[in-house]
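S.K.: Everything below, folded, please.
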Amino acid sequence: MPISYKGVVIDNAFKIDLLVEERLIVELKSTEQHAPVHAKQLTTYLRLMDFPLGILMNFGQATFKAGVRRIANDYHSGWTKS
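M.R.: The predicted model follows:
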């Protein structure tokens, strides 16, 4: 995803694993447990894109349910994209 700041555009500034219908970021991991840095990475993406929600999916957990976390953007500015 590109980032634009004060007229300067940085192409390929970061790579989102999955972007669902331009509304939901899904970050994929395969580790034995969630690390705080994984949630921070997704939170950063949400803030940069001004998206309200993202999903952190970790396929290294014992069950699918244990590996899925919903992450909310606390700094969301009232998303109105359609």
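
S.K.: quick one, strands of this structure?
M.R.: Assigned by DSSP state E, the strands in the chain fall at 3-5, 8-10, 18-20, 24-29, 53-58, 68-72.

S.K.: rank the ones you listed by pLDDT, which is bottom?
M.R.: Least confidently modelled of the strands of the chain is strand 3-5, at a mean of 78 by mean pLDDT.

S.K.: For that one, give me every contacting residue.
M.R.: When contacts are defined by C-beta atoms under 8 Å, 6 or more residues apart in numbering, strand 3-5 is touched by residues 9-10, 13-14, 48. (Glycine included, C-beta is placed from N, CA and C.)

S.K.: From the chain's centroid, how far away is that strand?
M.R.: A distance of 17 Å separates the centroid of the chain from that of strand 3-5, by C-alpha atoms, centre = their mean, to the nearest Å.

S.K.: Neighbouring strands of that strand in the sheet, and parallel or not?
M.R.: Sheet pairing here is set by DSSP bridges, and for strand 3-5 it gives strand 8-10 (antiparallel).

S.K.: who does the closest residue to residue 68 other than its chain neighbours bridge with?
M.R.: Sequence neighbours aside, residue 57 is the residue nearest to residue 68 in space, at 5.5 Å (criterion: C-beta to C-beta, 6 or more residues apart in numbering). Going by DSSP bridges, residue 57 is paired in beta bridges with residue 28, residue 68.
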